[in-house]
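Visitor: Show me the folded form of this:
(chains A and B)
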Amino acid sequence: DAEITQSPRHKITETGRQVTLACHQTWNHNNMFWYRQDLGHGLRLIHYSYGVQDTNKGEVSDGYSVSRSNTEDLPLTLESAASSQTSVYFCASSQDRDSYEQYFGPGTRLTVT
Amino acid sequence: AQSVAQPEDQVNVAEGNPLTVKCTYSVSGNPYLFWYVQYPNRGLQFLLKYITGDNLVKGSYGFEAEFNKSQTSFHLKKPSALVSDSALYFCAVRAFRGYQKVTFGTGTKLQVIP
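Guide: Below you'll find the predicted structure:
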C-alpha cells in the first residue's frame, strides 16, 4: 500500500545544530508539504513543493529549508536549530490539484535544548 | 487573507448523543473545505471535503458536514457519538481561485463520555 513516512519519529538536538527531517511518500504525488503543529496554533505551513526542483516558502519558513530532487522525498533542514523550533513536524502530500485532500505522515517530535 | 475559526477548544458529548464541531471560514470567492481528524501521536487523517454541489457532505466513520454559504460555516456532525470518536478535529479551507495554500484551524478536541 502507498504511504508517507517520516524519520526520525523523535529527535533531541542542541541549539545551533543543523537537523534534517526526512519525508518519503510512495503515492507518486507531485505536491508535498511541511507543517509544524504547536498548541494554540494548529498547523502552520513551513514549505511546500509542486514537483521536482520546485520549492516554495510557507507562512513560517524562517530558519528552515527544503530541496526536492525526486518525486518521493522532501527533506526539511533546520540550518541552526533554535528552542523556538521545538515542535511536532508533519509532512503531507496530495495529488496535483489543490481540491484534493492531503495525506499526512506520522510526525516527528523535535526538541531543541 | 483566508482564515478558519474553530470557536471551541473542546467539545464534550455523551456517547450515543449527536455531536457538532463548529467551523467558520473566510475566503475570497468560493471555498474548498475539509475536515481532518487526529488521534494521539498520529498524523491527520482526511474525513470529508466540500468542493461544489450538495451542501451536505458525507464522509468517513459516519461523519457529515453541512456547507452554509450565507453563514460561511462548515460544521461537522454525527448523529450518534462513539467513545472512539474522541480525537482532535481540524477544519481547513482554501479559496477556489488564486494561489493560497490550505489554511487549517487550531483544532477542537472532542471528548465522548461513556
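
Visitor: what sits up against stretch A:49-63?
Guide: Identification of contacts with stretch A:49-63 by C-beta atoms under 8 Å, 6 or more residues apart in numbering or on different chains yields A:30-34, A:36, A:44-48, A:66-71, A:74, A:78-80, A:82, A:85, B:101. Every C-beta, even on glycine, is put in place using the N, C-alpha and C of the backbone.

Visitor: Then stretch B:86-99?
Guide: Taking contacts as C-beta under 8 Å, 6+ apart, the residues outside stretch B:86-99 that touch it are A:42-43, A:98, B:2-4, B:6, B:21, B:23, B:25, B:27-40, B:44, B:47, B:74, B:76, B:100-105, B:107-112.

Visitor: now the helices: where do they sit in chain A?
Guide: For chain A, helices defined by DSSP state H do not occur.

Visitor: Give me the below-cutoff pLDDT ranges for chain A.
Guide: Applying pLDDT under 70 to chain A picks out residues A:97-99.

Visitor: quick one: pLDDT of residue B:29?
Guide: Here, the pLDDT recorded for residue B:29 equals 85.

Visitor: Relative to residue B:69, how far out is it?
Guide: 11 Å (C-beta to C-beta, to the nearest Å).

Visitor: got it, and residue A:107?
Guide: For residue A:107, the distance to residue B:69 - C-beta to C-beta - is 34 Å.

Visitor: for residue B:102, same thing?
Guide: From residue B:102 to residue B:69 the distance is 19 Å (C-beta to C-beta).

Visitor: Of the two, which one has the most company?
Guide: residue B:102 (23 against 10; other C-beta atoms under 10 Å in any protein chain shown).

Visitor: Now that one: closest residue in space, sequence neighbours ignored.
Guide: residue B:94 (4.6 Å; C-beta to C-beta, 6 or more residues apart in numbering or on different chains).

Visitor: which is the next helix or strand following the helix or strand that neighbour falls within?
Guide: Using DSSP states H and E, residue B:94 maps to strand B:87-95. The helix or strand immediately downstream of strand B:87-95 is strand B:103-104, counting by DSSP H and E.

Visitor: Contacts (any at all) between chain A and that following strand?
Guide: Yes. Using C-beta under 8 Å from any C-beta of the partner chain, strand B:103-104 reaches chain A at residue B:104.

Visitor: Can you spell out which helices and strands pack onto that strand?
Guide: Where contact means 3 or more C-beta pairs under 8 Å, 6 or more residues apart in numbering or on different chains; DSSP states H and E, strand B:103-104 is packed against strand A:42-51, strand B:3-5, strand B:87-95.

Visitor: Pull the number of nearby residues for the residue in chain B that chain A sits nearest to.
Guide: Nearest residue of chain B to chain A (C-beta to the nearest C-beta) works out as residue B:43 at 3.3 Å. Neighbourhood size, residue B:43 [other C-beta under 10 Å]: 21.

Visitor: cool, and residue B:88?
Guide: 19.

Visitor: Likewise for residue B:84?
Guide: Residue B:84 has 10 neighbours, counted by other C-beta under 10 Å.

Visitor: Could you confirm it falls within a helix?
Guide: Yes. Looking at residue B:84 with DSSP: H, G, I helix; E, B strand; the rest coil, it is inside a helix.

Visitor: That one: what's it in contact with?
Guide: Contacts of residue B:84 by C-beta under 8 Å, 6+ apart are residue B:112.

Visitor: try 6 Å this time
Guide: With contacts taken as C-beta atoms under 6 Å, 6 or more residues apart in numbering or on different chains, residue B:84 has no neighbouring residues.

Visitor: Perfect, I'm done here.
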